[in-house]
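In: 3D, please:
(chains A and B)
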Amino acid sequence: GESVGLHLPTLSVQEGDNSIINCAYSNSASDYFIWYKQESGKGPQFIIDIRSNMDKRQGQRVTVLLNKTVKHLSLQIAATQPGDSAVYFCAETPFGNEKLTFGTGTRLTIIP
Amino acid sequence: SQTIHQWPATLVQPVGSPLSLECTVEGTSNPNLYWYRQAAGRGLQLLFYSVGIGQISSEVPQNLSASRPQDRQFILSSKKLLLSDSGFYLCAWGQGGNQPQHFGDGTRLSIL
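Out: So this is what the prediction gives:
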């Protein structure tokens, strides 16, 4: 969904616990989805992506789940560490589109 | 490997002054290039994108313009800055075709 003008939701997680960050999208033509991590004062950093022909993809300590039926995307971070504290954005685009639409962003805080 | 450079990292400008922010990409050819603005605590708003030299698409009406004089160079400009132009400006590159965009570390622009 559109992110401009919306305040960031927040999520606080104890260090070592797993975290789940959610994202809803509205475009039924969305075909490609990305999660980014943005640390304070820096640009967004690519974490993991998934195409619409998959419903799950795993990386190092991260898993992205895609539910096209309800247009929902989630990012799971296992065994969270202090360095995971950041703002996380989802982004999506229809097939072949040159532009990404970014979600609102979620601020994740890891509690030591 | 590919790298993206933005400068300056921070900039303080008076209202009515001109602006030129530069972004260059290394290690790839014919990239798509993007300029985003991010207000504090907000998501990313796409301002301009370019799929080739001299090709600029503007996403929102505004006081800014963009140019792409070389394949891996993208410039954001203004003739007269407004207070509302303050923000965090991010440049990104991508190869389209459902691949991630990769961001620079941004320029924080303050207008006084």
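
In: and the closest residue to chain A within chain B, how many residues sit next to it?
Out: Minimum separation of chain B from chain A (CB to the nearest CB) falls at B:Gly43, amounting to 2.3 Å. All C-beta atoms are positioned from the backbone trio N, CA, C, and that covers glycine. For B:Gly43, the neighbour count with other CB atoms under 10 Å in any protein chain shown is 23.

In: Quick check: phi and psi at it.
Out: Main-chain torsions, B:Gly43, degrees, to the nearest 10: phi -80, psi -170.

In: same deal with A:Leu100?
Out: Backbone geometry at A:Leu100, expressed as degrees, to the nearest 10, gives phi -100, psi 140.

In: what do you get for B:Val12?
Out: Dihedral angles (degrees, to the nearest 10) for B:Val12: phi -120, psi 120.

In: which non-adjacent residue is nearest it?
Out: Closest residue to B:Val12 apart from its sequence neighbours, by CB to CB, 6 or more residues apart in numbering or on different chains: B:Ser110 at 4.8 Å.

In: Quickly list what residue 89 is bridged to.
Out: Looking at chain A here, since you left the chain open. Here A:Phe89 sits in beta bridges with A:Tyr36, as judged by DSSP bridges.

In: To clarify, I was referring to chain B.
Out: B:Arg37, B:Thr107.

In: and it, how many neighbours?
Out: 23.

In: now do B:Thr107
Out: B:Thr107: 21 surrounding residues under other CB under 10 Å.

In: Go ahead and confirm it touches B:Val12.
Out: No - using CB atoms under 8 Å, B:Thr107 makes no contact with B:Val12, being 11.2 Å away.

In: what residues are up against the residue nearest to B:Val12?
Out: B:Thr10, B:Leu11, B:Val12, B:Gln13, B:Ser86 (CB atoms under 8 Å, 6 or more residues apart in numbering or on different chains).

In: Next, give phi and psi for the last one.
Out: By that I understand B:Ser86. The phi/psi pair for B:Ser86 (degrees, to the nearest 10) is phi -60, psi 140.

In: Buried residues, stretch A:57-64. List them.
Out: A:Val62, A:Thr63, A:Val64 (16 or more other CB atoms under 10 Å in any protein chain shown).
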